[in-house]
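here is a sequence with its predicted model. Questions after.
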Amino acid sequence: MSFLLPCPNCGRRSVYEFRFGGEVRQVPAVDAPPAEWQNYRFNRTNAAGVQTEWWFHRSGCRQWLYAVRNTVTNEVLNAYLPGEKP
Amino acid sequence: MKFHFQGNAVEAKDGDTIAAALYRQGQRIFSRSFKYHRPRGLLCVQGKCPNCLMNVDGIPNIRTCITPVRDGMTVKAQNAFPSLETDWLSITQRFDWLMPVGWYYKTFTQRAMWHAAEPIIRKVAGLGEVLTSETPNYEHSWMHCDRAVIGGGWAGIEAAQAAGARGEQVVLVDDQPALGGQSRYRKRSGQDPSDLIKRLQALPNVRILLDSYCFGLYEGNLLGIVQRNPHSGAAERLVHLRAQHTTVATGAYETPLLFPHHDLPGVMLSTGVLRLLHLYGVRPGERVVVVGAAGASAEVSAELRDAGIVVVATVSPEQMRVASGAPGVKGIQTEIGRFACDLVAVCGPQVPDAGLAAQAGGKFAWSADHGAFLATGLPQHVSLVGAAAGEGLTGVRSPLPLGKRAFVCLCTDVSSQDLCDGIAEGFDHIETLKRYTTATMGPCQGRMCQLSAIGVCAQQTGRSKAETGVTTSRPPNPGITLGALAGPGHHPIRRTPMHYVHERLGAVWMDMSDWRRPRYYRTSSTSAEKECILAEYRAVREGVGIIDVSTLGKLDLRGVDCGKLLDKVYTHRFSDLRAGRVRYALMCDEGGIILDDGTIAHLSDDRYFVTTTTGNLEFVHQWLDWYLAGTGWDVHMANVTAGYGAMNIAGPRSREVLSKLTRCDLTSAAFPYMACREAEVASIPVIMLRIGFVGETGWEIHCPAESAEALWEALLEAGQDSNIRPFGVEAQRLLRLEKRHVIVGVDTDALTNPYEADMGWAVKLEKPDFVGKAFLARVTGDLSRERLIGFVLSGPGLPEDGAAIVADGQLAGRVTSTRHSPARQAAVGLGWVKVSQAREGASVDVRVDGKLVPATITLQPFYDPEGGRLRQ
């Protein structure tokens, strides 16, 4: 795995500069039924295709960001900061 | 120059490789084969075949044909005993019928047989021995460019020159010591790139890496390149080259023709013969037979005659029958007669060296016109030029002697017969045939044998070469040393601001993540560990002690929403924490599992000071940032761990010492337990937290790192009359254990929630929401699993971490921390037991040195259970 990830702050950087934070998922409400929390905590979509992920630019701007990545080809289609428009 | 080979001194000329110098001196056998210990001589002379692998200065499997001689180096043969010329194990050739293809699978059907045979096989077969001591230095470096050109032959030079002239930043990589490719040794080819090379070298935006080979092309156009001897201090440098565009100009290489005993020393590829002759001025032989198609053999014959070497005959591949001689070739049998000779120059099929193109996503397709598999379907950022793309290649008819025995794979001694047997056993797909027979899986990664293996497979299965296809080309190829991959053996060490004071005070060090901390301090009277630790313990319990806690993670949080963030991420409530107060902070994940603990001090309106455990700072920082991301909350977080030094002064006499240096009122009325103040101590601005990990009156003092040494010395001086004593991590661990304070990650694990760890008081379920609440809200009152308990041992000995706790003859739990407690005059510890056994005063047994020793469970601290001493 050596693809480049376009950090919205720093530009295209080697993926080794980042920490992977998993799929971006909807966090259940605090009083959601146990099954929903269990699903959130223990299951992953593990998509073969495009998904939005959390990445942390550890050796750069030290910001969490969203990256839209094709998990099959490792092509990163887009990356943006949380709270900003994709 | 001189070097040592098998104990003898060998003379070398300037520019010689090891193999060239040895060949000049008369050496003809360079290695013994992997399985049958057949003698093998030089073949390709360009680092593509496995025949010249030797041990050089302790490093195994060095390709001596491309490794330049350094004065005084020591070269040893591998896989041969007692010598290359007489290898006793060549007897295995006579028993080849005992070792058919798939021998391992067929023979070792029972585990015991393999265990018996493995040590013997390890001795007999295999290549080289791993160097385990005095490894040389390796380096890593990173480069970026617009265009990487791999291969410095004609096509590569042209591509680099054109790109350079366009103004691109270019890196040109070649595995030879000079540019020019084939033109360097094919003097009659009519190509002279010297003008082109001069123009290339004049371009300032072109960087040329010689003696460097590219072993793989990875995602994102990342090229792995190994530079040999980049300077005298390093054996190899691994270059991570990131290119916008890669031009693969790796050319084509010659491969052997198959006939029985084509692997004899003295049967050499024609390019190898020419390289010996023109690059090193070595006469490859005196009487030569050239085997090859008309055009190619004419060129080689002419070159040899120019050098005054007798060409006995030229033979077409179809006429070739068998080579003979022992240990080297003495003659060949052909359809047109027998010829005595001391060298056979073979003009074999050319194979485009396009593995990099395949790694980039290209597919190989058979081209009959070129007699080669050519890469197609390359991605946009990779292009293929020159012979690597098939340019100038014409098919060479290379008849395969099926039914006769000729070694296809030289690396692992797989013969054409073995391949046919494999196919007969059902492994008729080229990929399964490869895995079953191990053909193409040796050090040369199929460079010498892939085309022949495909030919045998195609012919035997009745399929075409196009249908048969190729095996997958994966990096690294050629192989690289683990040393180059690992790089320099740097191990970073973090030192606290007071490090050198500790050194003067006699610290005995321990490593804690990247940090170095004093374990304990030797004194002038004793260096016995137990005595020192006990004395440090006593100082804290009875007088005053001081410990460096600078390694704690420290975060400075500012902004109006800090309380909101801390409420969300930590289990306790912080938005209602008054300024000037401290609270214990416990962090759980979404499943309610304990991640970290520390303290949070509310310094002033919008300012909080957060400490984390030593090893978890980076994680906690990222975790807080994660929950902050996208919220738009007004929180500014800074990691001030390195900016602050910290020390904890503790013990009944700590107030008397500290008050000498500060105007801050330290009485419990003005500065109670769990309070914090910003003040000055010894005229140094500090943050003081009145907390008590060790269970005595004490202050954790944080100050700017540059003043920490001065503050530490000032406190020691002020404490002289009170017999202040520095204490280390060991004493601290004993002190905290007596107070039953847990260490996250030691006493807790990846399944521990706060209730089980007896820290439910730090969880505020009445908060509307926090990380882990959904799960924690459900585990209250349902502690079905285990509970953290303390125990006091009634017998002698000290259980180890992880020792079993037994109740009623059944395994009930395990020990996590133990120490001998001076306060209880007994061994005490923390451990986990089933909830039903976690009762005050319950009797259990703990395994100590293989015996069960009775112990009593307690849910109270072992020392000062009411915590009165903390609050004094």
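That came in fine, so what should we check first?

spell out which parts of chain A neighbour chain B.
A:1-4, A:14-15, A:19, A:21, A:27-28, A:30-32, A:34, A:37, A:40-41, A:54, A:56, A:58, A:62-64, A:74, A:81-83 (C-beta under 8 Å from any C-beta of the partner chain). The way it works is simple: take the backbone N, C-alpha and C, and place the C-beta from them, glycine included.

and with 6 Å instead?
Within chain A, the positions adjacent to chain B are A:S2, A:F3, A:L4, A:V30, A:W37, A:R41, A:F56, A:W64, A:N74, A:P82, A:G83 by C-beta under 6 Å from any C-beta of the partner chain.

any residues of the stretch 151-300 of chain B in contact with chain A? List them.
B:Y218, B:E219, B:G220, B:L222.

for B:D589, see how far away the residue in chain A that chain B sits nearest to is.
Among all residues of chain A, A:P82 sits closest to chain B, at 2.9 Å; criterion: C-beta to the nearest C-beta. For A:P82, the distance to B:D589 equals 19 Å [C-beta to C-beta, to the nearest Å].

likewise for B:A762?
Distance from B:A762 to B:D589, by C-beta to C-beta: 15 Å.

can you check which strand is longest in chain B?
What stands out as the longest strand in chain B, according to DSSP state E, is strand B:234-248.

and that one, which residues are buried?
Within strand B:234-248, the residues that count as buried by 16 or more other C-beta atoms under 10 Å in any protein chain shown are B:234-243, B:245-248.

same question, stretch A:57-69
So, applying 16+ other C-beta under 10 Å, buried residues of stretch A:57-69: A:H57, A:G60, A:C61, A:Q63, A:W64, A:L65, A:Y66, A:A67, A:V68, A:R69.

grab the nearest non-local neighbour of B:G829.
B:T818 (3.5 Å; C-beta to C-beta, 6 or more residues apart in numbering or on different chains).

hmm, B:I208 is touching B:L172, no?
Yes: look at B:I208 against B:L172 with C-beta atoms under 6 Å: they come within range, at 4.8 Å.

which of those two has more neighbours?
For the pair B:I208 and B:L172, the greater number of neighbours falls to B:L172 (28 against 19), based on other C-beta atoms under 10 Å in any protein chain shown.

where does the more buried one sit, in terms of helix or strand?
In this structure, B:L172 is located in strand B:170-173 according to DSSP states H and E.

circling back: just the buried residues of the helix or strand containing the residue nearest to B:G829, please?
Taking DSSP H and E as the definition, one finds B:T818 inside strand B:810-821. The neighbour-count check on strand B:810-821 (16+ other C-beta under 10 Å) flags B:A812, B:G813, B:R814, B:V815, B:T816, B:S817, B:T818, B:R819, B:H820, B:S821 as buried.

closest one of those residues to B:E542?
Nearest to B:E542, judged by C-beta to C-beta, of the buried residues of strand B:810-821 is B:S821 at 15.0 Å.

need the residues of the stretch 751-872 of chain B near chain A, please.
B:D769, B:K773, B:A774.

pull out the buried members of these.
B:K773, B:A774.

can I get the residues of the stretch 751-872 of chain B next to chain A in a markdown table with pLDDT and secondary structure?
Rendered in a markdown table, the data for these read as follows (pLDDT from 0 to 100; DSSP: H, G, I helix; E, B strand; the rest coil):
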| residue | pLDDT | secondary structure |
| --- | --- | --- |
| B:D769 | 94 | coil |
| B:K773 | 94 | helix |
| B:A774 | 93 | helix |
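
contact partners for the closest residue to B:A296 other than its chain neighbours?
Spatially, and ignoring its direct neighbours in sequence, B:A296 is nearest to B:C347 (3.8 Å; C-beta to C-beta, 6+ apart). Contacts for B:C347 were tallied using C-beta atoms under 6 Å, 6 or more residues apart in numbering or on different chains; they are B:S270, B:G292, B:A296, B:S297.

okay then, goodbye and thanks.
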